[in-house]
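S.K.: next input, structure requested:
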Amino acid sequence: MNYLKVPLWLLPSPVAVAKALWRTRALLWTNTLTTVWETTTGFILSVALALVAGLAMVLSPLLKRLFYPLLIISQTVPLIAVAPLLILWLGYGLLPKIVTVILVCFFPVTISLIEGLEVSDPDLLNLLKSMGATRWQILYTVRWPNALPSLFAGLKIAATYSVMGAVIGEWLGASSGLGVYLTLSSHSFLTAQVFAAIFAITVLSLVYFVLIAGIRHLALPWLNTKDN
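M.R.: Reported below is the predicted structural model:
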């Protein structure tokens with residue numbers, strides 16, 4: 001940094017960031033656990049809701065015509081504009097942060113599931129229908145297995161977004177969490193701690209991504225040989 005003549009308070013060195021990580025490790029760990037709880041809870045709930053919504057819209061064309069456009073329109077509203085309302089309506093506890101994570105993760109999982117369920121071979125579907133297969137039998141034997149690769153792609157995207165959703169909720173009102181740690185460090189001009197928080201958020205996002213990738217590897221072993 002000295003070569004660039006950038007003040008350390010503006011852009012700290014990697015050594016300074018490492019020292020900040022070690023110096024505040026206890027506080028950072030406590031805040032990380034809060035964010036992990038919010039992120040994990042919100043992510044699991046968002047996946048459950050997305051599975052129900054995606055299956056319902058695929059099985060019912062009427063529901064898809066009614067709600068699919070609303071799903072798309074919902075993504076035009078900035079999350080940063082909705083989050084303050086959640087704080088106002090739900091208070092400063094964990095609930096608004098969990099809801100924020102759900103809002104962030106619901107869309108990519110739902111869309112990927114719908115797209116995956118609808119790409120099945122039409123000839124195969126017609127064959128099964130001609131043999132008297134019910135919609136649920138077709139869903140279980142053909143559509144669901146075909147949708148899994150697309151679903152896991154959406155889960156990977158949602159996993160990385162989930163931490164961001166929790167942090168945004170913490171920015172706007174919370175007593176603990178990486179978003180709170182980041183905000184307090186920024187207001188105190190503790191730039192090294194700001195970068196330490198960013199590092200922790202990045203690592204946490206990567207951990208969620210790797211976990212989903214690992215689950216995919218175990219759940220879809222036939223794709224592993226295809227990838228290789």
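S.K.: OK, contacts around the closest residue to A16 other than its chain neighbours?
M.R.: Spatial nearest neighbour of A16, excluding adjacent residues (Cβ to Cβ, 6 or more residues apart in numbering): A192 at 4.4 Å. Backbone N, C-alpha and C define where each C-beta goes, glycine included. Listed by Cβ atoms under 8 Å, 6 or more residues apart in numbering, the contact set of A192 reads P12, A16, V17, K19, A20.
S.K.: narrow these to those in helices?
M.R.: Among those, the subset assigned to helices under DSSP state H consists of A16, V17, K19, A20.
S.K.: how about the contacts made by the third one?
M.R.: By Cβ under 8 Å, 6+ apart, the contact set of K19 is A192.
S.K.: give me phi/psi at the nearest residue to S186 once chain neighbours are set aside?
M.R.: Taking Cβ to Cβ, 6+ apart, and ignoring the residues beside it in sequence, S186 has V194 as its nearest neighbour in space, at 5.3 Å. V194 adopts backbone torsions of phi -60, psi -50, taken as degrees, to the nearest 10.
S.K.: wait, V194 sits on T183?
M.R.: No - at 9.3 Å, V194 does not count as touching T183 under the criterion of Cβ atoms under 8 Å.
S.K.: ok, the two, which is more surrounded?
M.R.: Taking neighbours as other Cβ atoms under 10 Å, V194 and T183 compare with V194 leading, 21 against 18.
S.K.: give me the contact list for stretch 138-158.
M.R.: With Cβ under 8 Å, 6+ apart, stretch 138-158 has contacts from 43, 46-47, 50, 55, 58-59, 104-105, 108-113, 115-117, 119-121, 124-125, 128-129, 133, 209, 212-213, 215-216, 219-220, 223.
S.K.: pLDDT of stretch 190-198, averaged?
M.R.: The pLDDT scores in stretch 190-198 average 92.
S.K.: the longest helix seen in the chain packs against which elements?
M.R.: Ranked by residue count, the top helix of the chain under DSSP H comes out as helix 25-59. For helix 25-59, the elements it packs on are helix 61-74, helix 94-117, helix 144-172, helix 178-187, helix 191-219, judged by 3 or more Cβ pairs under 8 Å, 6 or more residues apart in numbering; DSSP states H and E.
S.K.: specify the angle between the third one and helix 94-117 in degrees.
M.R.: Helix 144-172 runs at 150 degrees relative to helix 94-117, counting by axes from the mean of the first three to the mean of the last three Cα atoms, to 10 degrees.
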